[in-house]
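Undergrad: coords below, sequence missing:
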């Protein structure tokens, strides 16, 4: 087990990260709320204190109990966006989906390199589908225009018939 970094000793809810930074977290109503990653343990401890002030915890739970007011604590370290365990689970799911998507894109690129005729056939197929769709649209537009014209003629004939008794 690697030795703890000396900078984190004495700070509540501050952990050293393998990347060399420090993370801060706070437990509230049975949930672990991540406060973020920081360059120094002192910054992480100050953010923890700002969150504890915000939650109205007693001074004995603070890393720096000599900070007189909540406003002063938040000036020293404004609150970041909290991340819960649920946020982390959602993020892991999202990363998993992104990984699958990237693998799919790589597979498609490899397939396109090995089977160029399939790409040509696919493009021809979709061009044919577009042409059929455009033809159906033109037929529908002509039908609607003919229908409008016949309706206008019928209304004109009705008015003409009603005006000539």
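TA: Structure's in. What do you need? All values derive from a computational prediction rather than experimental measurement. Residues are numbered from 1 along each chain as shown.
Undergrad: any idea which element the spatially most central residue of the chain lies in?
TA: Central residue of the chain (C-alpha atoms, centre = their mean): residue 94, 8.6 Å from the mean position. Assigned by DSSP states H and E, residue 94 belongs to helix 85-114.
Undergrad: what angle sits between whichever helix or strand comes after that helix and helix 85-114?
TA: For helix 85-114, the following helix or strand on the C-terminal side (DSSP H and E) is helix 116-163. Interaxial angle, helix 116-163 versus helix 85-114 (axes from the mean of the first three to the mean of the last three C-alpha atoms, to 10 degrees): 110 degrees.
Undergrad: Packing partners of helix 116-163?
TA: helix 85-114 (3 or more C-beta pairs under 8 Å, 6 or more residues apart in numbering; DSSP states H and E). From N, CA and C alone the C-beta is placed, and that goes for glycine too.
Undergrad: Check the model's average confidence along the helix it packs on for me.
TA: Mean pLDDT, computed over helix 85-114, is 89.
Undergrad: What residues of it count as buried?
TA: For helix 85-114, the neighbour count (16 or more other C-beta atoms under 10 Å) marks no residue as buried.
Undergrad: and that helix, how far out from the chain's middle?
TA: Between the centre of helix 85-114 and the centre of its chain there are 15 Å (C-alpha atoms, centre = their mean, to the nearest Å).
Undergrad: Against which helices or strands is it packed?
TA: Contact partners of helix 85-114 among helices and strands, from 3+ C-beta pairs under 8 Å, 6+ apart: strand 31-38, helix 116-163.
Undergrad: how distant is the last one from the center of its chain?
TA: What it means is helix 116-163. 41 Å.
Undergrad: same question, the first one
TA: A distance of 19 Å separates the C-alpha centroid of strand 31-38 from that of its chain, computed with C-alpha atoms, centre = their mean.
Undergrad: Just want the angle from the next helix or strand after that strand to strand 31-38.
TA: Past strand 31-38, further along toward the C-terminus, the next helix or strand under DSSP H and E is helix 41-54. Using the same axes, to 10 degrees, the direction of helix 41-54 lies 140 degrees away from that of strand 31-38.
Undergrad: Off-centre distance for helix 41-54?
TA: In terms of C-alpha atoms, centre = their mean, the centre of helix 41-54 is set 27 Å apart from its chain centre.
Undergrad: returning to what we had before: from residue 101, how far out is the residue nearest to the centre of the chain?
TA: 10 Å (C-beta to C-beta, to the nearest Å).
Undergrad: Ok, residue 155 next?
TA: 57 Å.
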